[in-house]
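**Q** Build the 3D model from these lines:
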Amino acid sequence: MQKKYGFSGQEMVMFGDRPFDIISAKKAGIIAVGIAKDEEAREILIGVGADIIIHGGYDSNGLLSVLNKKEAKKLF
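**A** Okay, the predicted model is just below:
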């Protein structure tokens, strides 16, 4: 999609709940949002490089407000 539509990695977001998801996003230069079901999952996703961490029962409005900011931050 980056090449086809001309997006930069920082204009794209990938959501995932597994380390492989986060690693794949980071390799592609895409913002990686980890969805953590508990503290252990949170630590694992942070460890593999997630830019943002959200709880499995996230509030979509809250997430959108974070993604509209220029800088990604680690959340939980």
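**Q** what bits of the protein have low per-residue confidence?
**A** Applying pLDDT under 70 to the chain picks out residues 1-3, 5, 8-9, 57-76.
**Q** Sketch out the strands for it, chain order is fine.
**A** With DSSP state E as the criterion, the chain has strands at 13-16, 31-36, 52-55.
**Q** Describe which strands the longest one pairs with in its sheet and in which direction.
**A** The pairing partners recorded for strand 31-36 under DSSP bridges are strand 13-16 (parallel), strand 52-55 (parallel).
**Q** and K26, which of these is closest to it?
**A** Closest to K26 of those, according to C-beta to C-beta: strand 13-16, at 9.0 Å. In short, each C-beta sits where N, CA and C put it, glycine included.
**Q** Contacts for the closest one next, please.
**A** With C-beta atoms under 8 Å, 6 or more residues apart in numbering as the test, strand 13-16 has contacts from D21, I22, S24, A25, A28, I30, I31, A32, V33, G34, I35, L67.
**Q** just those now: which is nearest I52?
**A** Among the contacts of strand 13-16, V33 lies closest to I52 (C-beta to C-beta), at 4.7 Å.
**Q** beta partners for the closest one?
**A** Bridge pairing for V33 - DSSP bridges - gives F15, I52.
**Q** Run a quick neighbour tally on it.
**A** Number of residues near V33 (other C-beta atoms under 10 Å) recorded here: 25.
**Q** One more: G29?
**A** When neighbours are defined as other C-beta under 10 Å, G29 has 12 of them.
**Q** For it, give its distance to E40.
**A** From G29 across to E40, the span is 27 Å (C-beta to C-beta, to the nearest Å).
**Q** got the contact list for the nearest residue to A32 once chain neighbours are set aside?
**A** Computed as C-beta to C-beta, 6 or more residues apart in numbering, the closest residue to A32 that is not its neighbour in sequence is A25, at 3.8 Å. Contacts for A25 were tallied using C-beta under 8 Å, 6+ apart; they are M14, G16, I31, A32.
**Q** Quick check: the two most widely separated of these?
**A** Spatial extent of the contacts of A25 (C-beta to C-beta) is set by the pair G16 and I31 at 11.4 Å.
**Q** and of the contacts of A25, the nearest to H55?
**A** G16 (14.3 Å).
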